[in-house]
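J.: A structural model of the following input is requested.
(2 chains)
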Protein chains: 2
Amino acid sequence: MNSNPENLVLDQLRQLVGAANVLVDGDLSSWEQDWRKRWRGKALAVVRPGSTQEVARVVKACAAAGVSIVPQGGNTGMVVGAVPDESGRQVVLSLRRLATIRDIDKANLTITVEAGCILQTVQDAAAQAGLLFPLSLAAEGSCTLGGNLATNAGGTQVVRYGNARELCLGLEVVTAQGEVWEGLSGLRKDNTGYDLRDLFIGSEGTLGIITAATLKLHPMPAARLTAWAAVPSLEDAVGLLGLAHKHLGAGLTGFEVMGQFALGLVVRHFPQLRVPLVNAAPYCVLLENADHESEAHARAQFERLLELALEEGHVIDAVIAENLTQAHQLWHIRESIPLAQAEEGLNIKHDISLPVSAIPEFCQVTDAELAVAIPGVRLVNFGHLGDGNLHYNVQAPLGTDAAAFLEQNEKRVNAIVFDSVRRYGGSISAEHGIGSLKVDQLPRYKSPIALDLMRAIKRSLDPNNIMNPGRVVRP
Amino acid sequence: MNSNPENLVLDQLRQLVGAANVLVDGDLSSWEQDWRKRWRGKALAVVRPGSTQEVARVVKACAAAGVSIVPQGGNTGMVVGAVPDESGRQVVLSLRRLATIRDIDKANLTITVEAGCILQTVQDAAAQAGLLFPLSLAAEGSCTLGGNLATNAGGTQVVRYGNARELCLGLEVVTAQGEVWEGLSGLRKDNTGYDLRDLFIGSEGTLGIITAATLKLHPMPAARLTAWAAVPSLEDAVGLLGLAHKHLGAGLTGFEVMGQFALGLVVRHFPQLRVPLVNAAPYCVLLENADHESEAHARAQFERLLELALEEGHVIDAVIAENLTQAHQLWHIRESIPLAQAEEGLNIKHDISLPVSAIPEFCQVTDAELAVAIPGVRLVNFGHLGDGNLHYNVQAPLGTDAAAFLEQNEKRVNAIVFDSVRRYGGSISAEHGIGSLKVDQLPRYKSPIALDLMRAIKRSLDPNNIMNPGRVVRP
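T.: You can find the predicted model right below:
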């Protein structure tokens, strides 16, 4: 029997959560590899506690042994933040067994869920109660609420409902010391000290482990309608957004922009999808209007908005989905852009945000810089314009080898894009987070004072650096 | 010439901000006394820097001299958090001269303001741009945005627009080391590290000094209508709230509840105000509906809602204001409750929040406990029911001496109310904060783990405890 420190802690973990929930053998790739397959690490073990108290005991045991912990939910993150390093000395702590919906309080418009609940399960539970949990994103069938909160997930409904942060009222957290902060709360107002909730949200598991949350629910709209508009320019897309805010108010629940080249990739690779107005203009916009009165009212509002936008020249032509099937088809086109892009070949992805007002000029200037730097480069520009969030992706020139393009140009392209983002007051990570993928770039784009504050907080809450070390900020 | 350390720092401060902006003589009561006149301290000086850089230099000078700083905005706080202690060794740092509106970005729906801007000035600037800054509270004519953010102010529009926290996108902050964190940002999505913004918001000047902020604006509604409904019980008020959420959606911008006794005080002390339906039911509710289409549509929506509520028995009778004047009159009645209460005599004020669903039972149980403890006690119960926030105030029994009542019963009444709040998962300070008034009560009602986390953060960001010491949390 081997009595090295690693084996001792494994024995302890087996006692704490049961041997069946301490995985060390076999194929652990679904925990050790990130889903974009950009990184494969090696874990000491994958530990699957079954309760908050077990999470706390696992953290205490690891802390005592000096073993660091990588919390993991659905492992759908984009920035390599939830998989272990190559050392074979980190424990992956999977929250997936904490998957109970603890409570729905209809009068308070809240739901309390454990961290391992799948986002779609939470959406469904809310819908069964006649209410809406509006967080919605591509990975909703496999991502977990704990991960959504740890990364402050965004998605397609942010223009109305905010990010994951804005949807959370309270948290239960296991600290780096293995204590349980019972901060679950269904309160919309609570000014009793520092905002610990928002400190843990978006900290990507580097300060503690979110084990449960109380989330805001919203009333279920009576109808949701989708429209699709061809716009002559990004300036006009911004103009249309302003009109939509004014005339739909909080009815505006989605506002996505898609460049003609991005939509052209969908046409090329998924010819079965019929993309409306793709040849009509350089950009199309998808709008969603949620209405608490009726579908007829939603339609009348949409028609009025689009007529005004046509009059003002912000829109060239537009269609309103006649029914849910058509609405789903329009959303499906939008959601097929990343897949079409993958079919076209490897590319350099960005998840940037800017003040909405700066987006037209940013794109004009940055497009031009990239065209000079890499003749023939192709820009797959689309995103959540309502939130100022673009997926401003860069595809190799036609006929060139995509892998070689990436190899040669990724750093240079990132520098051009991120330097431009900084000049326009933007962010190099709008909704995906930092993880390990951007941790070394962050100091170039974040204020040194902010980084000092972050390091001070990290050192104070996790002085031994055992919580997801090397992610977000190096202490 | 006196060369004691205090005089040395005063000389330095005069050099930094000009002698005219270092007040030491004369009547300093408007800075040294809180506006409810519960506390009068003594400052070493009132310092009025004129720029963010001057604030930073003042902090550096004070830090070097070991002089602690009490940041102050409009000095309208409710919990004695912005006035100096009695030592005569603290500097009051007034932000009032930082009163520039730096920028309005209409397309991005943001406004960037300095900390000393008066809330109403910001509301007006937004309105002039055709937009809405929705934060609204009784002190809006004299409170400052910096104070609103430092205390995470609430007010009457939270049910739709959230607290001050939800209205802020970015901050400029002078740290306890006198560095300037330039965190102003008009971004709706930015996942590049820990949420420093929300850590400073609500920290009541104990971690740093907010000098400017970028705030969210909203589209200006086409119409706002106000209704007044008599409801048979708090259960029915909660039922009406659920109906209003469902049928008005985000149109519901205000939902205030007022007990019959509270309204009776208005009738008694301000007989010129005509209080509708005051004798019809134990509670009245004030609802506001903001509409992006038209006043006619808002009225139709309100009528439909109130008809449904009448059918379901949640409402006994209701009126909808015919015009803006009537709407203002209804709001004025609501806002006159605290004044009427003051006319009636001293009382014990609470600013509590609860899950909305728990409010009826909380009131029933707590009313009964207080009635047993203090026969004849009178409850002035009103507040922002839409946010679960009650001003559950306790007035002396009729005919008794109010001052003596307070003297004898304040602690006991607080203990009864706060213990009950805790049992129902509520907060002892919904929107007013902790300051020094509640700092010693907090440990009884806040999780010790949360307090440990708060202390760790305080020690890490302000290791010498110079920022508003003794407020919120003792390190």
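J.: Run through the stretch 151-300 of chain A and note the low-pLDDT ranges.
T.: By pLDDT under 70, the stretch 151-300 of chain A contains no weakly predicted segment.
J.: ok, the nearest residue in space to residue A:82 that is not next to it in sequence - how many residues close by?
T.: Distances taken as CB to CB, 6 or more residues apart in numbering or on different chains put residue A:72 closest to residue A:82, at 4.4 Å, once the chain neighbours are dropped. Every residue, glycine included, has its C-beta placed from N, CA and C. Applying other CB atoms under 10 Å in any protein chain shown, we find 30 residues neighbouring residue A:72.
J.: Could you do residue A:206 as well?
T.: Neighbours around residue A:206, by other CB under 10 Å: 28.
J.: again with residue A:398
T.: That count, for residue A:398 with other CB under 10 Å as the rule, works out to 10.
J.: what's the spacing between it and residue A:405?
T.: Noted for residue A:398: a distance of 11 Å to residue A:405, by CB to CB, to the nearest Å.
J.: Skipping adjacent residues, who's closest to the residue nearest in space to the middle of chain A in space?
T.: Against the mean C-alpha coordinate of chain A, by CA atoms, centre = their mean, the closest residue is residue A:153 at 3.6 Å. Spatial nearest neighbour of residue A:153, excluding adjacent residues (CB to CB, 6+ apart): residue A:164 at 4.6 Å.
J.: you'd agree that neighbour is up against residue A:148?
T.: Yes - here residue A:164 reaches residue A:148: they are 4.7 Å apart, a contact under CB atoms under 8 Å.
J.: check contacts around residue A:213.
T.: Applying CB atoms under 8 Å, 6 or more residues apart in numbering or on different chains to residue A:213 gives the contacts A:112, A:113, A:115, A:145, A:146, A:149, A:168, A:170, A:171, A:172, A:184.
J.: Tell me who's in contact with the residue nearest to residue A:41 when sequence neighbours are not counted.
T.: In space, and not counting its chain neighbours, residue A:41 is closest to residue A:84: 3.9 Å by CB to CB, 6+ apart. By CB under 8 Å, 6+ apart, residue A:84 lies in contact with A:31, A:32, A:41, A:42, A:43, A:44, A:70, A:90, A:91, A:92.
J.: what's the neighbour count on the residue nearest to residue A:153?
T.: 27.
J.: In contact with it: list those residues for me.
T.: Residues near residue A:164 by CB under 8 Å, 6+ apart: A:135, A:148, A:149, A:151, A:152, A:153, A:154, A:201.
J.: same thing but 10 Å
T.: When contacts are counted by CB atoms under 10 Å, 6 or more residues apart in numbering or on different chains, residue A:164 is found next to A:119, A:135, A:137, A:145, A:147-155, A:158, A:201-202, A:213, A:215, A:431, B:191.
J.: In helices, which of those residues fall?
T.: Assigned to helices by DSSP state H, the following of the contacts of residue A:164 qualify: A:119, A:145, A:147, A:148, A:149, A:150, A:158.
J.: so what's the second one closest to, chain neighbours aside?
T.: Nearest non-adjacent residue to residue A:145, counting by CB to CB, 6+ apart: residue A:117, 5.0 Å away.
J.: ok, so what distance separates residue A:248 from chain B?
T.: For residue A:248, the distance to chain B equals 6 Å [CB to the nearest CB, to the nearest Å].
J.: My error: substitute residue A:421 in the last question.
T.: Between residue A:421 and chain B the computed distance is 10 Å (CB to the nearest CB).
J.: what do you get for residue A:106?
T.: Residue A:106 is 7 Å from chain B, by CB to the nearest CB.
J.: And residue A:355, by the same measure?
T.: The value you get for residue A:355 to chain B, if CB to the nearest CB is used, is 4 Å.
J.: quick check, nearest of the contacts of residue A:84 to chain B?
T.: residue A:70 (18.2 Å; CB to the nearest CB).
J.: Now for residue A:398 and residue A:405: what residues contact both?
T.: With CB under 10 Å, 6+ apart as the test, residue A:398 and residue A:405 both reach A:345, A:377.
J.: Thank you, goodbye.
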